[in-house]
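> generate a structure from the sequence data that follows.
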Amino acid sequence: MGALTHESLVEYLIEEAYEVVDSIEAGVSGSDTSDELRGELGDVLLQVVLHARLAEEQGRFTFDDVARTITEKMVRRNPHVFKPDGSLQDSFPATVEEIVETWDVVKKAEKPARSDPFEGIPPHLPALALAQKSLDRAERAARSGSPESVGRSIVAAEVPDSEAALGDLLLAVVAGSKEKGFDAERALRAAVRRYQGREGEAT
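Numbers count the residues shown, from 1 in each chain. Predicted structure coming up:
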């Protein structure tokens, strides 16, 4: 096996993350997956440790730096939970809407040059996740009165009344796409790019 690199580890990080998802979804169905979930989370943590160790060998940052950075970010972005010194607030009176609004304000202050509400969304997310996150970002930008473009106008389709029925409908769409020779993942990804106003960009 060749030397480990950040690039060579990417596929394992993605695989381990999906195995966590599988374990969580199995638990939702009623199975006790505590042992399995603990193990899968450990596998994800190992990937973080490996990436941090590689960076440390290159003199870039350490695992401690990673932990400190995420701690500082959580304190900074959640003033309803943490005091500036990192200790817990005495009470948590904020509503969900206030929490989201504060989170957005802090994020915008961190990156004031960012004007595109879709900037920072990982372009290689699975197409459905990419679509949902893009719509969520556009909704939040519109709610905050943001003057920036928040995506093309789009009319929501009528959907079934349950997630199970919605799943069946999506599966049927994919099956129909396959019969026509279309790639449903690629088609939805392209539609999201059009929605974001990024038709010419490849992912």
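> and the helix or strand of the chain with the lowest mean pLDDT, what does it pack against?
When the helices and strands of the chain are scored by mean pLDDT, DSSP states H and E, helix 96-110 comes last with a mean of 81. Counting contacts by 3 or more CB pairs under 8 Å, 6 or more residues apart in numbering; DSSP states H and E, helix 96-110 is packed against helix 63-77. Quick note: C-beta positions are derived from backbone N, CA and C, even for glycine.
> who touches the helix it packs on?
With CB atoms under 8 Å, 6 or more residues apart in numbering as the test, helix 63-77 has contacts from 48-49, 52-53, 56, 82, 84, 86, 102-103, 106-107, 110.
> which among the residues you listed gets closest to Ala175?
Ala175 lies nearest to Val48 out of the contacts of helix 63-77, by CB to CB, at 37.8 Å.
> what strand or helix carries the closest one?
Element membership for Val48, per DSSP states H and E: helix 34-57.
> can I get that helix in PDB, CA atoms only?
Extracted in PDB, the C-alpha atoms of helix 34-57 (Å, rounded to 0.1, in the frame of the first residue of the first chain):
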ATOM      1  CA  SER A  34     -25.900   1.300  20.000                       C
ATOM      2  CA  ASP A  35     -22.800  -1.000  19.700                       C
ATOM      3  CA  GLU A  36     -22.800  -0.700  16.000                       C
ATOM      4  CA  LEU A  37     -23.200   3.100  16.000                       C
ATOM      5  CA  ARG A  38     -20.400   3.500  18.600                       C
ATOM      6  CA  GLY A  39     -18.100   1.500  16.400                       C
ATOM      7  CA  GLU A  40     -19.000   3.400  13.200                       C
ATOM      8  CA  LEU A  41     -18.500   6.800  15.000                       C
ATOM      9  CA  GLY A  42     -15.100   5.500  16.000                       C
ATOM     10  CA  ASP A  43     -14.300   4.700  12.400                       C
ATOM     11  CA  VAL A  44     -15.200   8.300  11.400                       C
ATOM     12  CA  LEU A  45     -13.100   9.600  14.300                       C
ATOM     13  CA  LEU A  46     -10.200   7.500  13.100                       C
ATOM     14  CA  GLN A  47     -10.400   9.200   9.700                       C
ATOM     15  CA  VAL A  48     -10.200  12.600  11.400                       C
ATOM     16  CA  VAL A  49      -7.200  11.500  13.400                       C
ATOM     17  CA  LEU A  50      -5.500  10.200  10.300                       C
ATOM     18  CA  HIS A  51      -6.000  13.400   8.400                       C
ATOM     19  CA  ALA A  52      -4.800  15.500  11.400                       C
ATOM     20  CA  ARG A  53      -1.700  13.300  11.700                       C
ATOM     21  CA  LEU A  54      -0.900  13.700   8.100                       C
ATOM     22  CA  ALA A  55      -1.200  17.500   8.400                       C
ATOM     23  CA  GLU A  56       1.000  17.400  11.600                       C
ATOM     24  CA  GLU A  57       3.700  15.500   9.700                       C
END
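> residues of that helix that come out buried?
Glu36, Leu37, Glu40, Val44, Gln47, Leu50, His51, Ala52, Leu54, Ala55 (16 or more other CB atoms under 10 Å).
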